[in-house]
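[1] Attaching a predicted model along with its sequence, questions to come.
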Amino acid sequence: MAEKVKTVRGFRDLIGEEARKYRYVVDTARDILERNNFEEIILPTVEYTKLFARSIGEATDIVEKEMFTFQDKGGRDIALRPEGTAGVARAYIENKLYADGTYKKLYYEGSMFRHERPQKGRYREFHQIGAEVLGTSNPLADAEIIKIADDILKALKVDATIEINSLGCKKCRPKYREALLQYLKEHKEELCEDCQRRLERNPLRILDCKVEGCQLIAKNAPKITDYLCEECKTHHQKVKEYLKALGVEFVENPYLVRGLDYYSKTVFECVSEELGKTVIAGGRYDYLVEELGGPPTPALGFAAGVERLMLLVKELPKRPPLVLVIPFGGDREREEALKLAHRLREEGIRTELSYREGKIRKQFEFANKIGADYTIVVGENELKQGLFPLKNLHTREEIKLPFEEIVKVLKTQSG
RNA sequence: GCGGUGGUAGCUCAGCUGGUAGAGCAGGGGACUGUGGAUCCCCGGGUCGCGGGUUCGAGUCCCGUCCACCGCCCCA
């Protein structure tokens, strides 16, 4: 045999039930977003590398070491998108979606690529479904975005805790950063190696370090919420009020920070205890559009990790019952069975025509194997009488009816 | 990128200190020629992840490599 070609590391096939689970997660989220009057935006899979460098942040791991980048034949630096928000912001600016003076609600869905070490629920090609609202600073939008994330989790019956925080704005965040940095420097010796490094690069991240010693230090660190300016404080307060009004359960986590540089004010994460991982995350990014060369545009959004949600979805909606049409006899019977099978499909009934030849007994074994719920034998006697045996494989009951009666019976089952 | 565990039949796995590859389940056929999940009988199937080394001889020991999974980092 020739050498077998395998999938690229971190990439995989989704087959049958896995594929159905994928569709279920995506369709459920899409449904909720459509109901909230979000418009779909279908984005390119590749963008110029600098788009991500400028939006996500030069110094982040995603940009520094996790992007799939390459040069095209024209020597342009291109990257497979590692996330969706940057592309949405770029499209918003490029297509002047701000021109009509209203805010825009967009959602996207598709593959994202990060060159990380693969693990369960973490692949190099993974999928996100994300929503973005561009052009409003109204805290109603923050509350609604979080509510949608909550609705998706509830619809999928996934348990997760919603944690929220505010990262402040250009006015108040620097003051907080200053205070935090000063505090952390006083405790530098007690911090773990990683955190000593973070001190320079991204001190906010020390707050959610898992090392025990660091957590103790983090516990007594100044809280961002104590440093928020009036505007940010009011905004944060309003978001929480609206969430309560909506009955969305959440916990405040003053140490919640996000890994992407573009966030401001509201940030949130939906954390699954079962996975020990975040399944949906998002927040405000009021400066991103402007930093990418657009007009000043407050905005916010979230991204849901499809693979991670799939790991938590225990039950899929049932497929409609399956009917196996079994030809029995010769060419005439095969041809009739072929036509009758398509008659059933015309009516929306999930139908398999057996290509198996041989004993009737084997046909029934085949019916079980493929998970059929009903069988219809099409043989010489049936064609002569115009009556066909519809057998329920679960109850083993069989009724003989004219074909069009069978169609009616099955149609009510397929609802 | 770092640390750990593991890769043997379609699946789950066994294979002790090196001596020509096994079980259960699944699959195919028959007992049973127009009605299935039971039972019995028979059968097929493997470059032991890949490459190299040690050895008379390697699934087993050594080195390398790939892949999966777990933890870290990071993140959805």
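    Yep, that arrived. The shown structure was predicted, so the numbers you read here are calculated from the model rather than taken from an experiment.
[2] Stretch A:149-157: which residues count as buried?
    By neighbour count with 16 or more other Cβ atoms under 10 Å, stretch A:149-157 contains the buried residues A:149-153, A:156. No exception for glycine: its C-beta is placed from N, CA and C like everyone else's.
[3] Likewise for stretch A:13-23?
    A:21-22.
[4] I'd like the distance from it to the chain centre, please.
    For stretch A:13-23, the distance from its own C-alpha centre to the chain's C-alpha centre is 14 Å (Cα atoms, centre = their mean, to the nearest Å).
[5] is that stretch anywhere near RNA strand B?
    No: contact of stretch A:13-23 with RNA strand B (Cβ under 7 Å from any atom of the strand) is absent, the minimum separation being 11.2 Å.
[6] what's that stretch in contact with?
    By Cβ atoms under 8 Å, 6 or more residues apart in numbering, the surrounding residues in contact with stretch A:13-23 are A:7, A:127, A:306, A:310, A:313, A:316, A:319.
[7] one more time with 7 Å, if that's ok
    Residues outside stretch A:13-23 that contact it (Cβ atoms under 7 Å, 6 or more residues apart in numbering): A:7, A:306, A:310, A:313, A:316.
[8] which SS state does the last one fall under?
    Per DSSP: H, G, I helix; E, B strand; the rest coil, the secondary structure class of A:Leu316 is coil.
[9] from what I can see it touches A:Tyr24, true?
    Yes: in this structure A:Leu316 lies within contact range of A:Tyr24 using Cβ atoms under 7 Å: 5.6 Å.
[10] Which one of the two is surrounded by more residues?
    Between A:Leu316 and A:Tyr24, counted using other Cβ atoms under 10 Å, A:Tyr24 has the larger neighbour count: 17 against 12.
[11] Name the helix or strand for the more buried one, please.
    Secondary structure assignment for A:Tyr24, by DSSP states H and E: helix A:17-35.
[12] tell me the mean pLDDT over that helix?
    Summarised as a single mean, pLDDT over helix A:17-35 is 95.
[13] Could you do stretch A:233-251 as well?
    If you average the pLDDT values across stretch A:233-251, you get 97.
[14] which outside residues touch that stretch?
    Stretch A:233-251 has contacts (Cβ under 7 Å, 6+ apart) with A:139-140, A:142-143, A:146-147, A:150, A:161-164, A:166, A:228, A:265-266.
[15] quick one: which of the contacts of stretch A:13-23 sit in helices?
    If you go by DSSP state H, those have A:306, A:310 in helices.
[16] when you check RNA strand B, which of the contacts of stretch A:13-23 turn up near it?
    Near RNA strand B, taking Cβ under 7 Å from any atom of the strand as the test, the members of the contacts of stretch A:13-23 found are A:Thr7.
[17] Just the buried subset of the contacts of stretch A:13-23, please.
    Burial by neighbour count, judged by 16+ other Cβ under 10 Å, picks out A:306, A:310 from the contacts of stretch A:13-23.
[18] Start from the N-terminal end of the stretch 251-400 of chain A and give the strands.
    Assigned by DSSP state E, counting those that start in this stretch, the stretch 251-400 of chain A shows strands spanning A:251-252, A:264-272, A:277-284, A:299-305, A:322-327, A:350-353, A:374-378, A:388-392, A:398-401.
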